[in-house]
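Peer 1: compute the structure for the input listed below.
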Amino acid sequence: LATRPDVAARAQRLRQDLGRPERVILSVDRMDYTKGIEQRLKAYSELLASGHVKVRDTVLVQVAVPSRERVGQYQILRERVEREVGRINGEFGRVGEPAIHYLTQPFDRAELAALYRVADVMAVTPLRDGMNLVAKEYVAARVDDTGALLLSEFAGTAAELSQAYLVNPHDLEGLKEGLLAALRAAPADVSKRMRAMRAHLHEHDIRAWARSYLSALDETGPLVQ
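Peer 2: The predicted model follows:
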């Protein structure tokens, strides 16, 4: 999907719409307490305040699809996130140059693939997660072996994608350092890491998972009644 000409063209338009920044950071999450959205925004805000990241050079695109909106605590979380985005844009943004592009609508797969192709850094920093396929989708979409994956060590996929820039999202200073490392990494290092992660995904696809799962079941032998 990421290699389709229409997706590549859409990615180019998206970067132009973002003002052609030097670096685009992308996060794609459900609006959920486990996803670490507030911690990520705080880390980004402090990097802007310290001058380590500048709005004209870098932009954060935060996709936060609403979840469980009938549950009061999730409504409160969404309100807090939106207030923080507004505060950061009000403090650090300029006319026509917001610090954060905050999107809450769902995207189809082609649009997501275009966003993945635009992102120089993919920030997947949940406080706790079972697997998190967004990280794998990003790696799969980086068909030119570029792009840095900032990944929480508490995401299940961190056990597989060990070449990512691993962080502890509970550690604010460590999260900031990891984000800066991903933003400032040498292209050769970024490509080396991405090639290794893409090779892992090619080898460990859904068919490999099914084979290993069925083999493990077969090795257990018949169930004893």
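
Peer 1: ok, now which ones touch Arg68?
Peer 2: By C-beta atoms under 8 Å, 6 or more residues apart in numbering, the contact set of Arg68 is Asp32, Tyr74. Every residue, glycine included, has its C-beta placed from N, CA and C.

Peer 1: what segments of this protein are helices?
Peer 2: For the chain, the helices defined by DSSP state H occupy 5-17, 37-50, 72-92, 109-118, 133-141, 172-184, 187-203, 206-219.

Peer 1: residues near Gln199, how many?
Peer 2: That one is not Gln; residue 199 is Ala. Using other C-beta atoms under 10 Å, Ala199 has 11 other residues around it.

Peer 1: distance of it relative to Leu161?
Peer 2: 11 Å (C-beta to C-beta, to the nearest Å).

Peer 1: cool, Arg195 as well?
Peer 2: Taken as C-beta to C-beta, the span from Arg195 to Leu161 is 12 Å.

Peer 1: more neighbours, the two?
Peer 2: Legend: neighbour count by other C-beta under 10 Å for Arg195 and Leu161, higher for Leu161 (23 against 14).

Peer 1: is it true that that one touches Ala135?
Peer 2: Yes - at 6.2 Å, Leu161 counts as touching Ala135 under the criterion of C-beta atoms under 8 Å.

Peer 1: so, low pLDDT: which residues of the chain?
Peer 2: Under the criterion pLDDT under 70, the flagged ranges of the chain are 69-70, 222-225.

Peer 1: same thing but at 50, please
Peer 2: Low-confidence segments of the chain, defined by pLDDT under 50: none present.
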